[in-house]
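> Dropping a prediction and its sequence here:
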Amino acid sequence: MSAVVPVGVVTVSDRAFRGIYQDQGGPGIEAALARILATPWRPVRRLVPDERPAIEAALIELADKEACPLIVTTGGTGPAPRDVTPEATEAVCARMLPGFGELMRAVSLRAVPTAILSRQVAGTRGSSLIVNLPGKPSAIAECLDAVFPAIPYCIDLIGGPRIETDPAACVAFRPKGA
């Protein structure tokens with residue numbers, strides 16, 4: 001039997017961090033991953049304010065100490081002054097993977113014209129892949145569905161564990177007509 005893979009789930013939100021409202025982004029990530037992943041996994045959760053040092057510290061801890069091959073963030077990717085998740089991600093990554101953000105914005109544009117304001121990025125730190133997602137649960141699922149076909153292969157290429165997806169969930173990943 002395979003080992004249980006730790007997956008970092010980071011919610012970036014001042015209001016959720018202060019308890020003003022309940023985090024919906026982290027649970028949205030976990031629900032999407034529960035649908036997609038066949039490999040046994042467990043979430044390693046972090047809830048941080050919209051502060052670059054806190055975001056960077058969480059990402060470094062999840063990659064370097066918790067050995068999460070996949071770290072997924074939600075929130076802090078818009079144009080507001082406190083939206084600094086992309087900058088924090090870029091600061092801790094050795095390599096950036098611009099195709100992830102490009103695809104997520106393209107998919108999101110089908111639903112909302114304001115998707116062009118989104119600044120999601122993805123990159124690698126050691127054998128960890130870090131992917132920024134939007135904060136809205138429906139957008140989280142939509143973006144993860146779009147980029148997940150590349151995630152297991154990327155993790156394999158950077159020296160992470162083999163991650164399998166649920167074949168039934170993968171139907172959503174196939175291009176129309178395939």
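Everything's here; your move.

> ok, Ala63 touching Glu56?
No. Counting by Cβ atoms under 8 Å, Ala63 does not reach Glu56; the two are 10.7 Å apart. Quick note: C-beta positions are derived from backbone N, CA and C, even for glycine.

> which residue is nearest the middle of this structure?
In the chain, the residue lying closest to the centroid (Cα atoms, centre = their mean) is Val72, at 2.5 Å.

> Show me where the chain has its strands.
Using DSSP state E, the strands assigned to the chain run over residues 5-12, 41-48, 70-74, 95-96, 122-125, 128-133.

> would you list those strands in CSV and tack on distance to Arg110?
Shown next, in CSV, are those (distance: least, Cβ to Cβ, whole Å):
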stretch, distance to Arg110
strand 5-12, 25
strand 41-48, 28
strand 70-74, 20
strand 95-96, 24
strand 122-125, 20
strand 128-133, 16
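
> quick one, which of those strands is nearest to Val84?
Evaluated over the strands of the chain, closeness to Val84 peaks at strand 5-12, with 8.3 Å, by Cβ to Cβ.

> The closest one pairs with which strands, parallel or anti?
strand 41-48 (parallel), strand 70-74 (parallel) (DSSP bridges).

> re earlier: which one of Ala63 and Glu56 is surrounded by more residues?
For Ala63 and Glu56, the more surrounded residue by other Cβ atoms under 10 Å is Ala63, and the numbers stand at 22 against 19.

> ok, for the more buried one, nearest residue in space, not its chain neighbours?
Ser128 (3.9 Å; Cβ to Cβ, 6 or more residues apart in numbering).

> May I have the residues that are in contact with that neighbour?
8, 62-63, 67-71, 158, 160 (Cβ atoms under 8 Å, 6 or more residues apart in numbering).

> and what of Val72?
Each residue near Val72 by Cβ under 8 Å, 6+ apart is listed here: 7-10, 29, 33, 130-131, 133, 144.

> Try it again at 7 Å.
Val72 is in contact with 8-9, 29, 131, 133, counting by Cβ atoms under 7 Å, 6 or more residues apart in numbering.

> and of the strands of the chain, who's closest to Leu109?
strand 128-133 (15.4 Å).

> Just the CA trace of the closest one, in PDB.
In PDB, the C-alpha atoms belonging to strand 128-133 read as follows (Å, rounded to 0.1, in the frame of the first residue of the first chain):
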ATOM      1  CA  SER A 128       7.400  20.600  -4.200                       C
ATOM      2  CA  LEU A 129       5.000  22.200  -6.700                       C
ATOM      3  CA  ILE A 130       3.200  25.300  -5.400                       C
ATOM      4  CA  VAL A 131       0.000  26.400  -7.200                       C
ATOM      5  CA  ASN A 132      -1.900  29.600  -6.400                       C
ATOM      6  CA  LEU A 133      -5.700  29.400  -6.900                       C
END
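
> If anything else comes up later, I'll come back, but that's it for now.
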